[in-house]
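> whatever this is, show me its structure:
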Amino acid sequence: MILAKNIRFLRTQAGMTQTDLADKLGLQRTMISAYEDGRSEPKLATLAVISGLFIVSIDELINHDIEQFGRRASQAKDIKVLAVTVDRKDRENISMVGQKASAGYLNGFADPEYVETLPQFHLPTLASNATYRAFELSGDSMLPLVPGTIVIGAYVEQLKDIKSGKTYVLVTATEGVVYKRVFNYLEENGKLFLVSDNEHYKPYDLRGEDVLEVWEAKAFISTDFPNPKDKTKPATLDEISAMILDLKSEILRLRK
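Below you'll find the predicted structure:
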């Protein structure tokens, strides 16, 4: 019953209703009620999402009474459960997350059985010392990469290793799967600033605790070749930096 008690405690501590938590997990409210009453237990994939949502390890969720004894001092916030598949030669596959699969990936990203259902492929030109995953873009916020482009990312184990100005695919509990240029302000305010290369999209911030997985963009696959007559250009780094400064100034103004 420790798991049931912990889920109820963490949910109420976060000011969330059962419906709120159900929406974030993609489940019915009755399932959250069953978890908290001990009538049912979450699958590993759902446990992984709960773990990322409340910044608590799966082991602590299952075995430690958080309400009675508090959080463990040795809690490692950046630990993630990563599911991979291998081929007959024991080489890691690149799992492909399509546009239609992105919603299901939020619940299944830590479940090896789910990951096995995704399309798998190899790219021999990529370095062999990393784990890769491929994500299909669904919007035009990162022009000149168009919708349908497949971005291949290398797994980033810890949020602190995110390099400001680089592009990443982020799997998040609040925004779903997004591909953005990221600026790392975790040490300053516990947040990341996400910026689109298409200047028509405004940047926004994201709490570190809402990030479930991070993949640094290393390559992309597209059937659309750049059109030299297309005058739509991505924002430059100087323009992105200016947008970030404007955003931070606006946030400071609103706080006063």
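> quick one: contacts for residue 5?
65, 67 (C-beta atoms under 8 Å, 6 or more residues apart in numbering). (Each C-beta comes from the backbone N, C-alpha and C, glycine too.)
> tell me the secondary structure of the residue nearest the centre of the chain, please.
What sits nearest the mean C-alpha location of the chain, by C-alpha atoms, centre = their mean, is residue 171, with 1.6 Å. Classification of residue 171 using DSSP: H, G, I helix; E, B strand; the rest coil returns strand.
> any idea how many residues pack against the spatially closest residue to it that is not a sequence neighbour?
Of all residues not flanking residue 171 in the chain, residue 213 sits nearest, at 3.9 Å (C-beta to C-beta, 6 or more residues apart in numbering). When neighbours are counted by other C-beta atoms under 10 Å, residue 213 registers 24.
> list the buried residues in the helix or strand hosting residue 213.
Using DSSP states H and E, residue 213 sits within strand 211-221. Residues of strand 211-221 classed as buried: 211-218, 220 (neighbour count, 16 or more other C-beta atoms under 10 Å).
> just the closest of these to residue 120, please.
Using C-beta to C-beta, residue 215 comes nearest to residue 120 of the buried residues of strand 211-221, at 16.0 Å.
> you'd agree the closest one is up against residue 157?
No: taking contacts as C-beta atoms under 8 Å, residue 215 lies outside contact range of residue 157: 11.1 Å.
> circling back: residue contacts, the residue nearest to residue 171?
80, 82, 109, 155, 170-171.
> what separation do you get for it and residue 38?
29 Å (C-beta to C-beta, to the nearest Å).
> need phi/psi at residue 115.
Per-residue torsions, residue 115: phi -60, psi -30 (degrees, to the nearest 10).
> same thing with residue 14?
Torsion angles, degrees, to the nearest 10, at residue 14: phi -80, psi 0.
> the one 3 residues further on too?
Main-chain dihedrals, residue 17, degrees, to the nearest 10: phi -80, psi 170.
> how close does it get to residue 49?
According to C-beta to C-beta, residue 17 stands 17 Å off from residue 49.
> when these two are compared, which one has more neighbours?
Taking other C-beta under 10 Å, residue 17 and residue 49 do not tie; residue 49 has more neighbours (23 against 12).
> next structured bit after whichever strand or helix holds the more buried one?
Assigned by DSSP H and E, residue 49 belongs to helix 44-54. The helix or strand immediately downstream of helix 44-54 is helix 58-63, counting by DSSP H and E.
> average pLDDT for that following helix?
Here helix 58-63 scores 85 as its mean pLDDT.
> alpha carbons of that helix, as PDB, please.
C-alpha atoms of helix 58-63 as PDB (Å, rounded to 0.1, in the frame of the first residue of the first chain):
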ATOM      1  CA  ILE A  58      10.500   4.600  -8.900                       C
ATOM      2  CA  ASP A  59      12.200   2.700  -6.100                       C
ATOM      3  CA  GLU A  60      11.200   5.500  -3.600                       C
ATOM      4  CA  LEU A  61       7.600   5.500  -5.000                       C
ATOM      5  CA  ILE A  62       7.300   1.700  -4.300                       C
ATOM      6  CA  ASN A  63       9.300   1.200  -1.100                       C
END
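> give me the buried positions along it.
Of the residues in helix 58-63, 58, 60-61 count as buried by neighbour count, 16+ other C-beta under 10 Å.
> now swap in stretch 8-24 and tell me
Buried-residue list, stretch 8-24, by 16+ other C-beta under 10 Å: 8-11, 16, 18, 21-22, 24.
> run the chain-centre distance for it.
Computed by C-alpha atoms, centre = their mean, to the nearest Å, the separation of stretch 8-24 from the middle of its chain amounts to 19 Å.
> pretty sure residue 152 sits against residue 137.
No: with contact defined as C-beta under 8 Å, residue 152 does not count as touching residue 137 (11.6 Å).
> distance check, residue 190 against residue 184.
11 Å.
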